[in-house]
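*Asks:* Mind folding the following:
(chains A and B)
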There are 2 protein chains.
Amino acid sequence: MNKFEEKTINTEVIYKGKIVQLQIDSVTLPDGQTSKRELIKHPGAVAVIALTDEGKIVFVEQYRKALEKSILEIPAGKLEEGEKPEITALRELEEETGYTTDQLKLITSFYTSPGFADELVHLYFTDRVKPLEKAVDMDEDEFVEVRELTLEEAEQLSVEQRIHDAKTAYALLYLKLREENR
Amino acid sequence: MNKFEEKTINTEVIYKGKIVQLQIDSVTLPDGQTSKRELIKHPGAVAVIALTDEGKIVFVEQYRKALEKSILEIPAGKLEEGEKPEITALRELEEETGYTTDQLKLITSFYTSPGFADELVHLYFTDRVKPLEKAVDMDEDEFVEVRELTLEEAEQLSVEQRIHDAKTAYALLYLKLREENR
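*Replies:* As a prediction, this is how the structure comes out:
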């Protein structure tokens, strides 16, 4: 199972932030040599593919400081400690889009950047959303705008690199396959 | 274009490593408040969907210290400074799999974790590979094993979470769509 395992000799925590922790692991390689690994620890995240009654996909437009630009993504957010991913998914859907649902289906989970980070994204699907009667407060440092688009419109924005992240790219392929199999 | 832009007040570089740089940006939010953003700078990466003459997908099995386990991924690697992604893609394909190709098609590019990192992955496709006559040296701290699998076999390994990362999950959906459209 763990072919080429790298044994930890030492872990040096460089920074413990609110979202990420950076640590340098000294490791023994399979050939006995030693090396260092720069590792980001992350609590994990959820994302939600949400379709409205008209079959439109719910996106949020958001400025991403890491990219120095705003892009359109499916609603997403990081796990709070001890929180079940499905609870996070519902909370983020409600906070970011103003929609709620009584049906979230887990599609898959994937590591976003296994080369240096342990962030695991749990991806959910719902085609049963309804508007919340009362908006839920977002995190105070979060600013998003909701956009509802057809798959075709979203694919065009993907070509234009306004949609430009892994989970949302995956979501568009998922919806394309779903459409072709109906 | 840059809705909800966050202006940088100050950048504090916490760590400059071989692969990642961690910095804390103090920013002004759209409402005038200030906040901090934990950001990972990464050189970017490439990944290659490579199909053999028999239509099998070329994977590499590799231990990922961040996950503390080995998983199967499509061949991938990070960009060297000033290197064109297509050159990196060919190099990583040759180093990791022992195959070469004269035809790499860019499928798409996506940010893996826009919430905290600027890593951009360029994803290539080829169904024209041939074995190298002479193996190319890999990085000295890299140990991988090549596995060639049908799409069905890969989908099963995805269910078993032996295939478990975003770019490879995307690749499997891409190949599934491709198969259905033939």
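
*Asks:* Packing partners of the longest strand seen in chain A?
*Replies:* Using DSSP state E, we find that the single longest strand of chain A is strand A:7-16. Using 3 or more C-beta pairs under 8 Å, 6 or more residues apart in numbering or on different chains; DSSP states H and E as the contact criterion, the elements in contact with strand A:7-16 are strand A:21-28, strand B:7-16. Just so you know, the C-beta spots here come from the backbone N, C-alpha and C atoms, and that holds for glycine as well.

*Asks:* Establish whether the longest helix along chain A and chain B are in contact.
*Replies:* The longest helix of chain A (DSSP state H) is helix A:166-180. Yes. Helix A:166-180 is in contact with chain B by C-beta under 8 Å from any C-beta of the partner chain, via A:Ala166, A:Lys167, A:Thr168, A:Ala169, A:Tyr170, A:Leu173, A:Tyr174, A:Lys176, A:Leu177, A:Glu180.

*Asks:* before we move on, back to that, between the helices and strands packed on strand A:7-16, which one is nearest to A:Gly44?
*Replies:* Evaluated over these, closeness to A:Gly44 peaks at strand A:21-28, with 12.8 Å, by C-beta to C-beta.

*Asks:* Which residues does that closest one contact?
*Replies:* For strand A:21-28, the external contacting residues (C-beta atoms under 8 Å, 6 or more residues apart in numbering or on different chains) are A:6-15, A:34-42, B:14-15, B:17, B:20, B:22, B:65.

*Asks:* Next, the angle from that strand to strand B:21-28.
*Replies:* 180 degrees (axes from the mean of the first three to the mean of the last three C-alpha atoms, to 10 degrees).

*Asks:* just checking, what packs against the next helix or strand after strand A:21-28?
*Replies:* As assigned by DSSP states H and E, the chain's next helix or strand after strand A:21-28 is strand A:34-41. Applying 3+ C-beta pairs under 8 Å, 6+ apart, one finds that strand A:34-41 contacts strand A:21-28.

*Asks:* Give the pairing partners of the longest strand of chain A; include direction for each.
*Replies:* Its sheet considered, strand A:7-16 pairs with strand A:21-28 (antiparallel) by DSSP bridges.

*Asks:* Any regions of chain A where pLDDT drops low?
*Replies:* Applying pLDDT under 70 to chain A flags the ranges A:1.

*Asks:* Can you give me the domain assignment for it?
*Replies:* A:7-41, A:45-180 (automatic domain parsing).

*Asks:* Buried ones in the first one, by neighbour count?
*Replies:* Of the residues in domain A:7-41, those buried under the neighbour-count criterion (16 or more other C-beta atoms under 10 Å in any protein chain shown) are A:17, A:19-25, A:27, A:29, A:35-41.

*Asks:* Which strand residues bridge A:Phe59?
*Replies:* Under the criterion used (DSSP bridges), A:Phe59 bridges to A:Arg147.

*Asks:* how many neighbours does it have?
*Replies:* 27 (other C-beta atoms under 10 Å in any protein chain shown).

*Asks:* And the residue lying closest to A:Ile9 once chain neighbours are set aside, how far from B:Leu90?
*Replies:* Closest residue to A:Ile9 apart from its sequence neighbours, by C-beta to C-beta, 6 or more residues apart in numbering or on different chains: A:Ser26 at 4.3 Å. Note on A:Ser26: its distance to B:Leu90, by C-beta to C-beta, to the nearest Å, is 32 Å.

*Asks:* Likewise for A:Leu29?
*Replies:* 26 Å.

*Asks:* A:Ile57 now?
*Replies:* A:Ile57 is 35 Å from B:Leu90, by C-beta to C-beta.

*Asks:* likewise A:Pro75?
*Replies:* In terms of C-beta to C-beta, A:Pro75 sits 37 Å off from B:Leu90.

*Asks:* Which one of these two is surrounded by more residues?
*Replies:* Set A:Pro75 next to B:Leu90 and count neighbours by other C-beta under 10 Å: A:Pro75 wins out with 24 against 19.

*Asks:* tell me the contacts of the spatially closest residue to the more buried one that is not a sequence neighbour?
*Replies:* Once flanking residues are discounted, A:Pro75 sits nearest to A:Glu96: 4.4 Å by C-beta to C-beta, 6+ apart. Counting by C-beta under 8 Å, 6+ apart, A:Glu96 touches A:Val60, A:Pro75, A:Ala76, A:Gly77, A:Met138, A:Glu142, A:Val144, A:Val146.

*Asks:* Name only those of the residues you listed that count as buried.
*Replies:* A:Val60, A:Pro75, A:Ala76, A:Gly77, A:Glu142, A:Val144.

*Asks:* Out of the residues of helix A:166-180 next to chain B, grab the one that's most surrounded.
*Replies:* For those, neighbours tallied by other C-beta under 10 Å; top is A:Ala166, 28 neighbours.

*Asks:* For the residue lying closest to that residue once chain neighbours are set aside, give me its contacts.
*Replies:* Nearest non-adjacent residue to A:Ala166, counting by C-beta to C-beta, 6+ apart: B:Ala166, 4.2 Å away. Residues in contact with B:Ala166 (C-beta under 8 Å, 6+ apart) are A:Phe110, A:Tyr111, A:Thr112, A:Ser113, A:Val121, A:Ala166, A:Lys167, A:Tyr170, B:Thr112.
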